[in-house]
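K.L.:
Below are the sequence and a predicted model; questions follow.
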Amino acid sequence: MPGPVTAPLNRMTDDEDAAAVLRCQKGDADAFEVLVERHQKRMLNIAYRVLGDYDEACDVVQESFLSAWRAIRSFRGEARFSTWLYGIVVNHARTRLKKAQALSRHERTSIDDPAGPGGEGPRREAPDCGEAADERLEKKEIEARVQQCIGQLDAEHREVLVLRDIQGFTYEEIGGMLHLTEGTVKSRLFRARAALKDCLVRVLGEWP
Amino acid sequence: MTCRELEFLIAGLIDGSLAEGERERVEAHLQSCGDCRRALAELKASDAQLKALGEVEPPPWLKARVMARVREEPQERESAFRRLFFPLHIKVPIQALATVLIAVAAWNVYRTGESDFRQAASPPAAVQEAPKAEAPQAPPPAAEAAKGESIPAIREKKAFAPPPAVMEDRGGPRAEPPRATVKADAAGPAETPGARRPAAAAPKGEEALKRSGAAVQPGSDSSAVIPAPGQKQKTAKVPLGAATREAPQGGAAPAAAPMLSAAVEPAPDLDITLRTHDPLSAAAEIEELLKNTGAQSIERKTRDGQTILTARIRPENLEALREKLNSLGPVRENVQASPRPGAPLAIRLDIRSE
């Protein structure tokens, strides 16, 4: 995992987005472009892990940025801008997930194929040149099964698992994004981890 | 420590957030419990799998697409409230000033209208008072009966009547309501003969009509050419059926009469229609009576079996004329204008066959 993902945001002494946000609140779209550039990757990864579909995740990120632009005047800086922004993307992802579940309740979801139906697949970072092809294939297979297990969690458990164990946010930050108490976040995370562990034991066989 | 208690502490163990005392207790339990060791291993492996998940990269078009949509959004997305009142230090004083200006303008319009209103209301009040002053001199019983009907009508309408001069000058729709007031005053002239409508206004209106080539009815002024049917029904001493029957004809007959005389002659104060079996002889009798009573400007015109008699009679002779007319057939009177007290009464007699 790269540095920004694992480094908790609360280590930052200052909100690096503050100046750009202020310009955006005065209607400066160029300043918003800076924020898009800065946060699009993390937002996409949150959406992708919650939804399990790359194309859907891209749509959700677009909608989230648009919502953020429309509502940026109402942002008062009580929390970090990034916390506010990631809260928006989680909300959009949740809404999209509920719609998808309602539409294809009896269909097999796209979690078996993270690329999604007919999708070109997620763009990944360039693989290490020394890595063997079969190892990459095995890793991809394991990732798909892990994602499958994430997709089997309830939406509320999925969110906290993605935000805490994949994205590395603190309990406080997660509570701010989801408007939950820290205790509720911990409780959900406990259940999410237990359910994921059971699923992985099931799909990966003799493991660990 | 039980296995159940350990479950809740394992998360802290993975996060590295356990207090020193708790950590020692957890590790002591793990030494003695194989199931818990296994559970911890699975959780750690699960956590490792999650952290090993690769990151996906955003497509190159994502930022461009987001910004294109952002730039399509309207620049000002302020609420209606904000647009109305912000910035407060500019918009609120302007709005307050505008409100004051509107209030002042409205007050001025009201005051202007009020003076017109009072001016308009005063002349009918004079008309109303006139009959009372004249009543002791000539109180015919028929007129008294009519007075009871007419005065309430005046009281009802006088508030809406502008002064006669203003009425004539403005013409058109504004002229109609005053005419209605005067007509409603129909019984007034009957008991106060000699009264005349304002002199200055009528010729002015007639001249204007002559110039414009408009059809002018005999015996009427410019503003009120054809009495409305509703007003006709207020005329005294006429059976309701007759009035109703006459309503369309009353407007048509004067129009058929000679136009020139109407333009030259002043409009009558009293327009009387007589239905009789022999219009010619009736006209002769009435003319005779008029001559005997000293009437002036007697004119007689006959056309298509209809005889028009115009004259100026003294108010005290009006009752004698009425008696004569009633003896000849059904009579319908229509007061065209309020007469001036003491002045001769201009009458127009329309004598037709039954």
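P.N.:
In hand now; what should we look at?

K.L.:
mind listing the strands for the chain?
P.N.:
With no chain named, the answer covers chain A. A:123-124 (DSSP state E).

K.L.:
Chain B, not that one
P.N.:
For chain B, the strands defined by DSSP E occupy B:56-57, B:270-276, B:296-303, B:306-313, B:331-335, B:345-353.

K.L.:
With mean pLDDT, distance to chain A and mean neighbour count as added columns, please give the ones you listed in TSV.
P.N.:
Yep, even glycine has a C-beta here, placed from its N, CA and C like the rest. Formatted as TSV, these follow (pLDDT from 0 to 100; distance: least, CB to the nearest CB, whole Å; neighbours: other CB atoms under 10 Å in any protein chain shown):
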stretch	mean pLDDT	distance to chain A	mean neighbour count
strand B:56-57	93	4	18
strand B:270-276	87	77	22
strand B:296-303	85	85	13
strand B:306-313	88	84	22
strand B:331-335	84	75	23
strand B:345-353	87	81	23
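
K.L.:
Save the ones you listed as JSON lines, and put in distance to B:A105 too.
P.N.:
What follows is these, written out as JSON lines (distance: least, CB to CB, whole Å):
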{"stretch": "strand B:56-57", "distance to B:A105": "67"}
{"stretch": "strand B:270-276", "distance to B:A105": "46"}
{"stretch": "strand B:296-303", "distance to B:A105": "53"}
{"stretch": "strand B:306-313", "distance to B:A105": "51"}
{"stretch": "strand B:331-335", "distance to B:A105": "42"}
{"stretch": "strand B:345-353", "distance to B:A105": "46"}
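
K.L.:
between those strands, which one is nearest to B:I94?
P.N.:
Proximity to B:I94 (CB to CB) singles out strand B:56-57 among the strands of chain B, at 53.1 Å.

K.L.:
who does the closest one touch, helix- and strand-wise?
P.N.:
Identification of packing neighbours for strand B:56-57 by 3 or more CB pairs under 8 Å, 6 or more residues apart in numbering or on different chains; DSSP states H and E yields helix A:29-51, strand A:123-124.

K.L.:
Give me whichever of those is most buried.
P.N.:
By mean neighbour count, with neighbours taken as mean count of other CB atoms under 10 Å in any protein chain shown, helix A:29-51 ranks first of the helices and strands packed on strand B:56-57 at a mean of 22.

K.L.:
and B:G342, what are its phi and psi?
P.N.:
For B:G342, the backbone dihedrals are phi 90, psi -20 (criterion: degrees, to the nearest 10).

K.L.:
Now do it against chain A, distance only.
P.N.:
Here B:G342 is placed at a distance of 83 Å from chain A (CB to the nearest CB, to the nearest Å).

K.L.:
likewise B:E5?
P.N.:
13 Å.

K.L.:
pLDDT value on that residue, please?
P.N.:
B:E5 carries a pLDDT value of 79.

K.L.:
re the thing from before, could I get the helices and strands packed on strand B:56-57 as JSON lines with mean pLDDT?
P.N.:
Output for these, formatted as JSON lines (pLDDT from 0 to 100):
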{"stretch": "helix A:29-51", "mean pLDDT": "94"}
{"stretch": "strand A:123-124", "mean pLDDT": "56"}
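
K.L.:
Indicate which one of the ones you listed is closest to B:L289.
P.N.:
Nearest to B:L289 among the helices and strands packed on strand B:56-57 is helix A:29-51 (99.8 Å), distances taken as CB to CB.

K.L.:
which helices and strands does that closest one pack with?
P.N.:
Judged by 3+ CB pairs under 8 Å, 6+ apart, helix A:29-51 is in contact with helix A:3-6, helix A:18-25, helix A:54-71, helix A:81-103, helix A:155-161, strand B:56-57, helix B:61-72.

K.L.:
what's the longest one in contact with?
P.N.:
By CB atoms under 8 Å, 6 or more residues apart in numbering or on different chains, the list of residues contacting helix A:81-103 from outside reads A:9, A:15, A:17-18, A:21, A:35, A:39, A:42-43, A:46-47, A:50-51, A:56-57, A:59-61, A:63-64, A:67-68, A:75, A:109, A:155, A:159, A:163, A:169, A:173, A:176-179.

K.L.:
Only the buried members of those residues: can you turn that into a PyMOL selection?
P.N.:
A single PyMOL command selects the buried members of the contacts of helix A:81-103 (16 or more other CB atoms under 10 Å in any protein chain shown):
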select buried, chain A and resi 9+15+17+21+35+39+42+43+46+47+50+51+56+57+59+60+61+63+64+68+75+109+159+163+169+173+176+177+178
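
K.L.:
Show me the shaky parts of the chain.
P.N.:
No chain was given, so I picked chain A. A:1-14, A:105-134, A:137, A:206-208 (pLDDT under 70).

K.L.:
Not quite, go with chain B.
P.N.:
Counting by pLDDT under 70, chain B shows low-confidence ranges at B:1, B:75-79, B:115-266, B:337-340.

K.L.:
What residues does it have near chain A?
P.N.:
Selection of chain B residues close to chain A by CB under 8 Å from any CB of the partner chain yields B:7-8, B:11, B:39, B:41-47, B:49-59, B:62-63, B:65-67, B:69-71, B:73, B:75-78.

K.L.:
Give me the buried subset of the residues you listed.
P.N.:
Buried members of the residues of chain B next to chain A, scored by 16+ other CB under 10 Å, are B:11, B:39, B:42-43, B:45-47, B:49-50, B:53, B:55-59, B:62-63, B:65-67, B:70.

K.L.:
before we move on, the earlier item: could you dump the helices and strands packed on strand B:56-57 into a markdown table with distance to B:T293 added?
P.N.:
A markdown table is the format used below for those (distance: least, CB to CB, whole Å):
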| stretch | distance to B:T293 |
| --- | --- |
| helix A:29-51 | 99 |
| strand A:123-124 | 119 |
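
K.L.:
Ok, which of these comes nearest B:Y110?
P.N.:
B:Y110 sits nearest to helix A:29-51 of all the helices and strands packed on strand B:56-57, at 51.9 Å, using CB to CB.

K.L.:
Restricting the selection to alpha carbons, write the closest one to CSV.
P.N.:
Extracted in CSV, the C-alpha atoms of helix A:29-51 (Å, rounded to 0.1, in the frame of the first residue of the first chain):
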residue,chain,number,x,y,z
ALA,A,29,-13.3,26.1,-11.0
ASP,A,30,-9.6,25.9,-11.7
ALA,A,31,-9.0,25.5,-8.0
PHE,A,32,-11.5,22.7,-8.0
GLU,A,33,-9.4,21.0,-10.6
VAL,A,34,-6.5,20.9,-8.2
LEU,A,35,-8.7,19.2,-5.6
VAL,A,36,-9.9,16.7,-8.2
GLU,A,37,-6.4,15.9,-9.2
ARG,A,38,-5.4,15.5,-5.6
HIS,A,39,-8.2,13.2,-4.4
GLN,A,40,-9.6,11.4,-7.4
LYS,A,41,-7.4,8.3,-7.0
ARG,A,42,-8.3,7.7,-3.3
MET,A,43,-12.0,8.4,-4.0
LEU,A,44,-11.9,5.9,-6.9
ASN,A,45,-10.3,3.3,-4.7
ILE,A,46,-12.9,3.7,-2.0
ALA,A,47,-15.7,3.5,-4.5
TYR,A,48,-14.1,0.6,-6.3
ARG,A,49,-13.7,-1.5,-3.1
VAL,A,50,-17.2,-0.8,-1.9
LEU,A,51,-18.8,-1.4,-5.3
